[in-house]
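Enquirer: What shape does this take:
(2 chains)
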Amino acid sequence: MSRYLGWLLVAFLGSVPLWMQDFYFLHVLITTGIFIIAAMSLNLLLGYTGQLSLGHVAFFGIGAYTSALVSLGFQVHVLPDFTIGLAPKPAWFAMLAAVAVAGLTGYAIGKLSFRVRGAYFVIVSISFAEVVRLVAVNWVELTQGPMALNNIPALTLGSGPFELSFLRKPEFYLLVLAAAVVCYIVIARLVNSRAGRAMIALRENESLATSVGIDVTHYLVLATVVSAAIAGMAGALYAHYIRIVDPDIFLFIYTVTMVIMVITGGKGTLAGPIVGGALFGFVPEILRAMEIEPELQWVVYGVLMILVVYFLPRGIVPAIGGYFSGRKTAETADASSTAAETMQK
Amino acid sequence: MSASAETILSIEHVAVNFGGLVAISDMTFDVKRGEIVGLIGPNGAGKTTAFNVITGFQRQTSGEVLYRSHRLTGMKPHEIAKLGLVRTFQRTSVFKERSVFENVLTGLHCSGRSSLWDTLLQSRRERSSEHELADAANEILRFIGLERRAGEAAGILPYGEQRLIGVALALAVKPTMLLLDEPVSGMNHAETARFVKLLEKISASGVTILLVEHDMPMVMQVCNRIVVLNYGRIIAEGAPSEIQSNPEVIRAYLGQGKKRA
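Expert: Residues are numbered from 1 along each chain as shown, chains lettered A, B, ... in the order given. Take a look at the predicted model:
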């Protein structure tokens, strides 16, 4: 049932370019869509394994830079008289490379920080993002530093009369939608499987998980790799859409935005990052369209966020789900938990 | 219990120090296949530490633990669990936000046959594996008597039922030996009686059991043999009747007041 609703939603979203000619609106949909993909990837870590990665934008940025560099080509001096270089490659190849490199980085980070949990994992992830940002700023020969990588080619598939270009917004919008659907399916299948149960077990009770034979480190690394690869994919889409990448892509505020999307939408739910991402992707644009003072826009944004977190602490999606499953279960739940408490006394 | 039964678990001169504090000074005992052994002692005697060492959650300072001729020293908890040596935890230990069914399904992790690619491609093996796991989970829930609770979140169930979920999780690992840490503490008489029945059923299915418990009547009733720890060393070992009349055991308990959970 909900599956058909999902495909209906995809079909509706796919029809948008047919009746919506406003390119500014499509632009908002595209950037929001890219952020939703990134938020979905963060949700795999934060919502399912329970590990807060506050450096998640690093994977996004690595994806963007990798895709930009592979499609532009580069040449760097590793030693004074030794250079390595790469001739420009097609954009689709660059994007796949971005997914692979981001995934590999995720593997390295997962392996390096596998001992640390909670606050320590947060610190490792923040430091990692900062290190990557500093590399992007300072390794001018590779990244052009603050001058940014310009003229990143648009994605084209096929050639000659069959060439399909994603230069225009309607096509790119459909590309983002398709990528989002693929990422959603990958994450949905993963979290509803044996591997997903292992990840949730790590979140819920790590000692208990290991006691039933689950190698939690393995599944934490797996989640990090998949999450990083998807974030890298989002970054690659961003690079070939905006077609300029500079070190500001690693700004902490982007990670925070993703975290806000996941938390308000409902972490640990598949629809959460989509709902949260749509809400906080559109709100700034709606406020701008309403011609509210720019300073006030951020105040409204902040107040809205506080309201959601205060009144729906588990997020919008679980709140809606709870409303539909009715009050009856909630009451029995209360009754039995009070019974459990009395027993413990 | 035949005297010739093979030794399944042997703890050899295990010592654990936390800095200068001696949790276990020198512990040596064996458990034979099919036995129900009780590990008792006053609070702070080192019982839970012993469990943690055996199951790999705590590294011993010296000594060896052997399980079916595997040296367990240096093995990770999940590796030890895969050998069939499975523990439960003191107090409640469940995946609170998940349903009872999902809890058991999580416990069946090692029985799953699907790889990552099976999962992502939703292969036939993925579906058949998930089917098998669901059937196995239902069977365990029936065995433990929780089938009517399958759909409820584990965290909201009464205390006694949460303890049963802990046992169901351990059984899902297909243990050859079960370590139960205070399984009936906080249970009332009726629940304890029901739990003892379950324990006997588990034992009859061929699972060796080592349990830590403060409920002396329960321990005396179910155990074939009892090991008494005090201040990190074994002060007595034998059949329940011998332990009850052992003067050193009585001294150890009366010295701190007789404990009943």
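
Enquirer: Now for the residue of the stretch 1-150 of chain A found nearest chain B, how many residues are close by?
Expert: Of all residues in the stretch 1-150 of chain A, residue A:50 sits closest to chain B, at 10.6 Å by Cβ to the nearest Cβ. (C-beta placed from N, C-alpha, C; glycine too.) Using other Cβ atoms under 10 Å in any protein chain shown, residue A:50 has 21 neighbouring residues.

Enquirer: Now stretch B:66-76 - C-alpha only, PDB.
Expert: Provided in PDB are the C-alpha atoms of stretch B:66-76 (Å, rounded to 0.1, in the frame of the first residue of the first chain):
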ATOM      1  CA  LEU B  66      39.000 -22.800  27.600                       C
ATOM      2  CA  TYR B  67      35.800 -23.600  25.800                       C
ATOM      3  CA  ARG B  68      35.500 -26.900  23.900                       C
ATOM      4  CA  SER B  69      39.300 -26.800  23.500                       C
ATOM      5  CA  HIS B  70      39.300 -23.200  22.200                       C
ATOM      6  CA  ARG B  71      41.400 -20.700  24.100                       C
ATOM      7  CA  LEU B  72      39.200 -17.700  24.600                       C
ATOM      8  CA  THR B  73      41.800 -15.300  25.600                       C
ATOM      9  CA  GLY B  74      41.900 -12.300  23.200                       C
ATOM     10  CA  MET B  75      38.800 -13.300  21.400                       C
ATOM     11  CA  LYS B  76      36.100 -10.700  20.900                       C
END
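
Enquirer: Excluding sequence neighbours, find me the nearest residue to the residue of the stretch 1-150 of chain A closest to chain B.
Expert: Once flanking residues are discounted, residue A:50 sits nearest to residue A:203: 3.1 Å by Cβ to Cβ, 6 or more residues apart in numbering or on different chains.

Enquirer: Other residues contacting the helix or strand where the one you found lies?
Expert: Secondary structure assignment for residue A:203, by DSSP states H and E: helix A:194-204. With Cβ atoms under 8 Å, 6 or more residues apart in numbering or on different chains as the test, helix A:194-204 has contacts from A:44, A:48-50, A:190-191, A:208-209, A:212, A:214, A:216, A:219-220, A:222-223, A:268, B:95-98, B:102, B:105-106, B:109, B:112, B:114, B:116, B:119, B:129-130, B:133.

Enquirer: Give the helix, strand or coil label for the most centrally placed residue in chain B.
Expert: In chain B, the centroid-proximal residue (Cα atoms, centre = their mean) is residue B:179; its distance is 2.1 Å. Classification of residue B:179 using DSSP: H, G, I helix; E, B strand; the rest coil returns strand.

Enquirer: Now for it: which residues touch it?
Expert: B:51, B:54-55, B:85-88, B:209-211.

Enquirer: what's the distance between it and residue A:33?
Expert: 51 Å (Cβ to Cβ, to the nearest Å).

Enquirer: Could you list the low-confidence segments of chain B?
Expert: Scanning chain B for pLDDT under 70 picks out B:1-4, B:92, B:255-261.

Enquirer: where do the helices sit along it?
Expert: Here chain B has its helices, by DSSP state H, at B:47-54, B:77-82, B:100-107, B:116-121, B:124-144, B:159-172, B:189-204, B:216-222, B:240-244, B:247-254.

Enquirer: In CSV: those helices, plus mean neighbour count and distance to chain A.
Expert: Formatted as CSV, those follow (neighbours: other Cβ atoms under 10 Å in any protein chain shown; distance: least, Cβ to the nearest Cβ, whole Å):
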stretch, mean neighbour count, distance to chain A
helix B:47-54, 23, 10
helix B:77-82, 22, 4
helix B:100-107, 26, 5
helix B:116-121, 16, 4
helix B:124-144, 16, 7
helix B:159-172, 24, 4
helix B:189-204, 16, 9
helix B:216-222, 18, 17
helix B:240-244, 15, 28
helix B:247-254, 14, 25
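
Enquirer: what residues does stretch A:9-24 touch?
Expert: A:26, A:29, A:169-170, A:173-174, A:177, A:181.

Enquirer: Now intersect those with the helices, please.
Expert: Taking DSSP H as the definition of helices, the contacts of stretch A:9-24 contribute A:26, A:29, A:169-170, A:173-174, A:177, A:181.

Enquirer: quick one on the thing from earlier: just the buried subset of the contacts of helix A:194-204, please.
Expert: For the contacts of helix A:194-204, a neighbour count by 16 or more other Cβ atoms under 10 Å in any protein chain shown gives the buried set as A:44, A:48-50, A:190-191, A:208-209, A:212, A:214, A:216, A:219-220, A:222-223, A:268, B:95, B:98, B:102, B:105-106, B:109, B:112, B:114, B:119, B:129-130, B:133.

Enquirer: Tell me how far the strand or helix carrying residue A:15 lies from the chain's centre.
Expert: Per DSSP H and E: residue A:15 is located in helix A:2-19. Its chain's C-alpha centre and that of helix A:2-19 lie 21 Å apart, by Cα atoms, centre = their mean, to the nearest Å.

Enquirer: Mean confidence (pLDDT) on that helix, please.
Expert: Averaging pLDDT along helix A:2-19 yields 85.

Enquirer: Would you mind listing the buried residues in that helix?
Expert: Neighbour counts over helix A:2-19 (16+ other Cβ under 10 Å) mark A:6, A:13, A:17 as buried.

Enquirer: between those residues, which is nearest residue B:239?
Expert: Each of those was checked against residue B:239 using Cβ to Cβ; the closest is residue A:6, at 63.4 Å.

Enquirer: mind checking how far that closest one is from residue B:34?
Expert: Taking Cβ to Cβ, one finds residue A:6 at 53 Å from residue B:34.

Enquirer: what does residue B:120 give?
Expert: Taking Cβ to Cβ as the measure, residue B:120 falls 43 Å from residue B:34.

Enquirer: Who are the packing partners of the helix or strand hosting residue A:229?
Expert: Assigned by DSSP H and E, residue A:229 falls within helix A:216-242. Judged by 3 or more Cβ pairs under 8 Å, 6 or more residues apart in numbering or on different chains; DSSP states H and E, the packing partners of helix A:216-242 are helix A:23-43, helix A:57-72, helix A:91-112, helix A:169-191, helix A:194-204, helix A:206-211.

Enquirer: deepest of those, which one?
Expert: helix A:57-72 (a mean of 29; mean count of other Cβ atoms under 10 Å in any protein chain shown).

Enquirer: what angle separates it from helix A:216-242?
Expert: 50 degrees (axes from the mean of the first three to the mean of the last three Cα atoms, to 10 degrees).

Enquirer: who's in contact with the spatially closest residue to residue B:70 that is not a sequence neighbour?
Expert: Spatially, and ignoring its direct neighbours in sequence, residue B:70 is nearest to residue B:83 (6.0 Å; Cβ to Cβ, 6+ apart). Applying Cβ under 8 Å, 6+ apart to residue B:83 gives the contacts B:67-68, B:70.

Enquirer: so what's the backbone phi/psi at residue B:83?
Expert: Backbone torsions for residue B:83, taken as degrees, to the nearest 10, come to phi -80, psi -10.

Enquirer: Repeat that for residue B:239.
Expert: The phi/psi pair for residue B:239 (degrees, to the nearest 10) reads phi -70, psi 160.

Enquirer: Isn't it up against residue B:227?
Expert: No - contact status for residue B:239 versus residue B:227: not in contact, 11.4 Å apart, counting by Cβ atoms under 8 Å.

Enquirer: of the two, who's got more company?
Expert: Between residue B:239 and residue B:227, residue B:227 has the larger neighbour count (other Cβ under 10 Å), namely 26 against 12.
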